[in-house]
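*Asks:* no sequence for this one, just the structure:
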């Protein structure tokens with residue numbers, strides 16, 4: 001009889017521990033998420049932009065989310081990314097249901113043949129995303145001018161240059177009118193360009 005009582009107490013103790021663990025774990029996880037978001041919020045704008053160049057996918061993605069949260073105040077800093085051909089190792093640029101597979105460069109790869117996303121292309125994409133109020137305004141961060149492309153080599157120097165020309169022209173209007181005025185006139189950063197992001201609007 002005593003054996004049965006001991007066993008039932010042990011089972012009860014195990015169940016109590018499991019229940020307590022299940023109740024507390026979400027709190028710890030939630031607390032961790034809150035701390036991560038708070039730490040991002042405490043970063044200076046320049047620090048958030050610098051994180052786009054991180055080799056850590058999660059950090060680069062966190063930068064994308066924080067840039068979108070801060071909105072058009074980040075546009076002048078994103079412009080400074082022009083010419084930054086470091087690879088963008090993050091994710092979250094493009095529609096969540098897009099069929100595009102975006103490759104990451106292999107370790108030590110230095111040559112970009114247009115199929116990899118660079119920090120400057122990520123910056124161009126984010127400027128347009130801020131205008132559209134979503135990172136899902138296009139299917140993928142690949143620039144297209146309607147010409148055939150092999151092996152996803154979309155982001156050629158010519159297309160990137162055309163995108164910057166249009167975006168910088170748009171910035172001049174943005175600095176005078178403000179972003180809401182440009183939205184009301186349906187003038188996006190790539191409006192004056194022959195290029196656009198794949199499947200974008």
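*Replies:* Structure's in. What do you need? This one's a predicted model, so the numbers in the text were calculated from it and none came from an experiment.

*Asks:* In contact with the spatially most central residue of the chain: list those residues for me.
*Replies:* By Cα atoms, centre = their mean, the chain has its centre lying nearest to residue 64, at 3.4 Å. Residues near residue 64 by Cβ atoms under 8 Å, 6 or more residues apart in numbering: 52, 90, 92-93, 122, 126, 135. Quick note: C-beta positions are derived from backbone N, CA and C, even for glycine.

*Asks:* In terms of helices and strands, where is it?
*Replies:* Applying DSSP states H and E as the criterion places residue 64 in helix 57-70.

*Asks:* Downstream of that helix, the next helix or strand is which one?
*Replies:* helix 75-79.

*Asks:* Centre of the chain to that next one, how far?
*Replies:* Helix 75-79 has its C-alpha centroid displaced from the chain centroid by 15 Å (Cα atoms, centre = their mean, to the nearest Å).

*Asks:* quick one: contacts of it?
*Replies:* With contact meaning Cβ under 8 Å, 6+ apart, helix 75-79 is reached by 45-46, 49, 67, 123, 126-127, 130, 167-168, 171, 174.

*Asks:* Quick one: buried ones out of the residues you listed?
*Replies:* Taking 16 or more other Cβ atoms under 10 Å as the criterion, what is buried in the contacts of helix 75-79 is 49, 67, 123, 126-127, 130, 167, 171, 174.

*Asks:* SS state for the closest residue to residue 96 other than its chain neighbours?
*Replies:* Nearest residue to residue 96, sequence neighbours excluded (Cβ to Cβ, 6 or more residues apart in numbering): residue 136, at 6.3 Å. When classified by DSSP: H, G, I helix; E, B strand; the rest coil, residue 136 comes out as coil.

*Asks:* any idea of the pLDDT on residue 136?
*Replies:* Turning to residue 136, the model gives it a pLDDT of 95.

*Asks:* Verify the stated contact: it with residue 93.
*Replies:* No. Look at residue 136 against residue 93 with Cβ atoms under 8 Å: they stay out of range, at 9.2 Å.

*Asks:* Those two - which one has more neighbours?
*Replies:* Neighbours were counted for residue 136 and for residue 93 using other Cβ atoms under 10 Å; residue 93 has more, 24 against 16.

*Asks:* which phi and psi does that one have?
*Replies:* Note on residue 93: its backbone torsions stand at phi -100, psi 110 [degrees, to the nearest 10].

*Asks:* List the contacts of it.
*Replies:* 64, 117, 122, 125-126, 129, 135, 140-141.

*Asks:* tell me which element the closest residue to residue 152 other than its chain neighbours falls in.
*Replies:* Of all residues not flanking residue 152 in the chain, residue 115 sits nearest, at 4.4 Å (Cβ to Cβ, 6+ apart). Following DSSP H and E, there is no helix or strand that holds residue 115.

*Asks:* Would you confirm that residue 115 contacts residue 101?
*Replies:* No. If you go by Cβ under 8 Å, residue 115 and residue 101 don't touch, sitting 10.5 Å apart.
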